[in-house]
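Let's see this in three dimensions:
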Amino acid sequence: GDSINAKTLSELNICGLTPEVEDKSTGEQFRYEIKPRRGGLGETVVYVNGIEARRYKPDQLKKSGEVYELELSKNELSSYFIAGKENPVTVKAFTADNTISSRGIIINEDKTQEKTTVAPNLYAVMVGVSDYKDEELDLKYAAKDANDISSAIAASARKLLNSDGKEHVFVYDLTTAEKRYQLPEKNGIKKVLEEIGRKATANDILLLFFAGHGVMSASAGQQQQFYFLTADASKSTAASALADVGISTAELTEWMKPQNIKAQKRILIFDACNSGQAIRDLVKVGNEGQGYIAARNDEQSQQIKAIDKLNEQSGFFILSASASNQSAYEMGRYSQGLLTYSLLKAIKQQPDILQDGKYLDVSRWFSAAEKTVTELTKENGARQQPQVISNTNFNIGIVDQEVMAKIVLPQEKPMFAASNFQNSDEKIADDDMELSKLINLQLSNLAARGAVSNIVYVTATNAPDAYNLTGRYTIRNNLVTVQVNLKQNKTIRKRFELSGTKDKLNELAAAIAAKAAELVKN
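Below you'll find the model as predicted:
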């Protein structure tokens, strides 16, 4: 029953608006005639297998009277063709304002050579920034996350891709950890992608993983976009010189566009705050999917089939840790970023994500991680909703007992929520000594010890396995005696009693926190 104020189709007056594209190709030459109509002529774009390969402005085309001509040799596009399959070449011409395009004319270029099952190369760039120039920006687990994901993906991918005895997996760990290829500085990341661009073919896979700080920012007159902060960043430069220390989605799109990196299978994982905006910025880089091929159902042909999926598919996947306005959490309970923990947990403990019980299916993998992150943040009273965008699916590796054994999930630490203590004197019936506050502070101090901590402390949580301390205390002159209940899911698991003096309540609170942590540890 709502009124619609948009223009009707007839009011849009769209007929005769978009340019006409006519195929005049012959032999080894692609040739197209483009006739502008009422909407004029803007950019003309050439796609191979649904991925942009060339883009031309009107002054880059030949003009004969009112007709423009686009010519390019098939050899110019050969690096975008995948061997053994038809490669659709599509040309679309846009109106002068680049808002509406022609339908697009498609030519199916014949198979470029006899089909062979050649494993693609995987180029994985794993960026993890824990140590920034300014300590206020430092994170605990981002570098470790990048190294852990790198190790798992490399082991799995080699099982699938190195079956011919050759190395097809090339991993670049750009982290602030001691074990690294190089530091994750902006220029270094760009140079690594340029190096990959000189090597990668259309048949290959590009995987980018970013763990660290992500911020939203907008230049003058520009829309807000996502920036990933590299190791160059400090608190001041992140605010005043973001372009120098941050990688924007616009820059990343330029660095990895098919003209620069021809790999047609692309996976991006952002474990950073506000990273959902990256999906909005990057989704236009996606491309059309193709169908799967059939194969015989025996061990060798199944592996050939899995490699063929990679060869035949032009894929694009993006997984972000959070929506565009959300935080991405580092969880002390797991000693990892929550998204990374969920990705590793899916490989090690969720065999249902594996196709045919062995192949690491990217779509199932990301979906499982998305579900785990959402559930865990709900338990902890936070909100983090991962975002997944894909338009195809393929396998990236093989997961077997050896691969799973290499993944060491952090031992889950017991979680404590806020305490509640009362003075047992009925005339007071309150925590007049503020013992609850002091114990909570001590629990928080224990949890803040990072990797050596045995517990995690949160003020509130819905997790059924979380612990909390309750009880009553009595005061006789200077002596304070505390009856402590260690509770979990409203059930008392342990009771103990400790005493101290009023003038040393902090020491008593510390002793109660330490005793409780030791009990849950054991």
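
any idea how far L438 is from A417?
16 Å (CB to CB, to the nearest Å). All C-beta spots, glycine's among them, are computed from the backbone N, C-alpha and C.

what's the answer for T374, then?
Applying CB to CB to T374 and L438 gives a distance of 35 Å.

Tell me which of these two has more neighbours.
L438 (21 against 15; other CB atoms under 10 Å).

I'd guessed that one sits against L505; true?
Yes: L438 lies in contact with L505 (CB atoms under 8 Å); the separation is 5.8 Å.

does the spatially most central residue of the chain sit in a helix or strand, and which one?
Nearest to the mean C-alpha position of the chain, by CA atoms, centre = their mean, lies I269 at 2.2 Å. Assigned by DSSP states H and E, I269 falls within strand 265-271.

Note down every partner strand of that strand and its orientation.
strand 205-211 (parallel), strand 316-320 (parallel) (DSSP bridges).

which other residues reach the first one?
Just to be clear, that refers to strand 205-211. 120-129, 141-143, 145-146, 149-150, 153, 196, 200, 228, 252, 256, 261, 263, 265-272, 275, 310, 337, 340, 396 (CB atoms under 8 Å, 6 or more residues apart in numbering).

Name the next helix or strand downstream of that strand, please.
That would be, after strand 205-211 and using DSSP H and E, strand 214-217.

can I get the CA coordinates of stretch 414-429 in PDB?
This file holds the C-alpha atoms of stretch 414-429, laid out as PDB (Å, rounded to 0.1, in the frame of the first residue of the first chain):
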ATOM      1  CA  PRO A 414      38.200 -20.900  31.900                       C
ATOM      2  CA  MET A 415      36.100 -17.700  31.900                       C
ATOM      3  CA  PHE A 416      35.100 -15.700  35.000                       C
ATOM      4  CA  ALA A 417      32.300 -13.200  35.200                       C
ATOM      5  CA  ALA A 418      31.700 -10.500  37.700                       C
ATOM      6  CA  SER A 419      31.600 -11.500  41.400                       C
ATOM      7  CA  ASN A 420      29.000 -10.800  44.100                       C
ATOM      8  CA  PHE A 421      29.800 -10.700  47.800                       C
ATOM      9  CA  GLN A 422      27.800  -9.400  50.700                       C
ATOM     10  CA  ASN A 423      28.500  -8.500  54.300                       C
ATOM     11  CA  SER A 424      26.800 -11.100  56.500                       C
ATOM     12  CA  ASP A 425      25.800  -8.500  59.000                       C
ATOM     13  CA  GLU A 426      22.000  -8.300  58.600                       C
ATOM     14  CA  LYS A 427      22.000  -4.700  59.700                       C
ATOM     15  CA  ILE A 428      24.200  -3.900  56.600                       C
ATOM     16  CA  ALA A 429      23.100  -6.500  54.000                       C
END
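
Give me the below-cutoff pLDDT ranges for the stretch 301-450 of the chain.
Under the criterion pLDDT under 70, the flagged ranges of the stretch 301-450 of the chain are 301-336, 377-392, 411-412, 449-450.

ok, which stretches of it are strands?
In the stretch 301-450 of the chain, the strands defined using DSSP state E, counting those that start in this stretch lie at 316-320, 330-331, 336-337, 354-355, 359-361, 387-390, 395-398, 415-416, 420-423.

Neighbours of K179, how many?
What K179 shows, counting by other CB under 10 Å, is a neighbour count of 11.

Likewise for the one 10 residues further on?
By other CB under 10 Å, 25 other residues sit near I189.

just use 52 as the starting number from now, easier for me
All set: I'll call the first residue 52, so the last point we hit is now I240.

Can you say which helix or strand has it in it?
helix 237-250.

now that helix: mean pLDDT?
What helix 237-250 shows for mean pLDDT is 94.

Flag every buried residue along it.
237, 239-241, 243-244, 247-248 (16 or more other CB atoms under 10 Å).

circling back: how much space between the residue nearest to the centre of the chain and V176?
11 Å.

what secondary structure does R209 sit in?
Under DSSP: H, G, I helix; E, B strand; the rest coil, R209 falls in the helix class.

just V96 next, same as before
The three-state label for V96, taken from three-state DSSP, comes out as strand.

Can you name the residues bridging to it?
R106, K143.

wait, isn't it in contact with R105?
Yes: applying CB under 8 Å, one finds V96 in contact with R105, separated by 7.2 Å.

what residues do those two have in common as contacts?
By CB under 8 Å, 6+ apart, no residue touches both V96 and R105.

Average pLDDT for the helix or strand containing Y119, rounded please.
For Y119, the host element (DSSP H and E) is strand 118-124. Strand 118-124 comes out with an average pLDDT of 91.

outside of the helix or strand that it is followed by, which residues touch it?
Going down the chain from strand 118-124, the next helix or strand is helix 125-128, by DSSP H and E. Contact with helix 125-128 is made by 79-81, 97, 99, 104-105, 140, 160, as judged by CB under 8 Å, 6+ apart.

could you redo the last one with a cut-off of 10 Å?
For helix 125-128, the external contacting residues (CB atoms under 10 Å, 6 or more residues apart in numbering) are 76, 78-81, 97, 99, 104-105, 132, 138, 140, 158, 160-161, 163, 253.

just to revisit the earlier point, just list whatever residues bridge to the residue nearest to the centre of the chain.
With DSSP bridges as the rule, I320 is bridged to F260, L370.

I447 is in contact with that one, correct?
No: taking CB atoms under 10 Å as the definition, I320 is not a contact partner of I447, at 11.7 Å.

how much space between G216 and A206?
Distance from G216 to A206, by CB to CB: 17 Å.

Among the two, which residue is more densely surrounded?
Neighbour totals were compared for G216 and A206, and A206 leads with 21 against 5 (other CB under 10 Å).

Grab the nearest non-local neighbour of that one.
What sits nearest to A206 in space, not counting adjacent residues and going by CB to CB, 6 or more residues apart in numbering, is V454, at 4.9 Å.

contacting residues for the one you found?
202-210, 398-399, 409, 411, 448.

closest to T525 among those residues?
For those, the residue nearest T525 by CB to CB is K399; the value is 49.3 Å.

Quick check: chain neighbours aside, which residue is closest to the closest one?
For K399, the spatially nearest residue (CB to CB, 6+ apart) is I458, at 4.5 Å.

what about the one you found, how many neighbours?
Neighbours around I458, by other CB under 10 Å: 19.

Please enumerate the strands of the stretch 52-201 of the chain.
Using DSSP E, counting those that start in this stretch, the strands of the stretch 52-201 of the chain run over 71-74, 80-86, 95-99, 102-107, 113-115, 118-124, 138-144, 156-160, 173-179.
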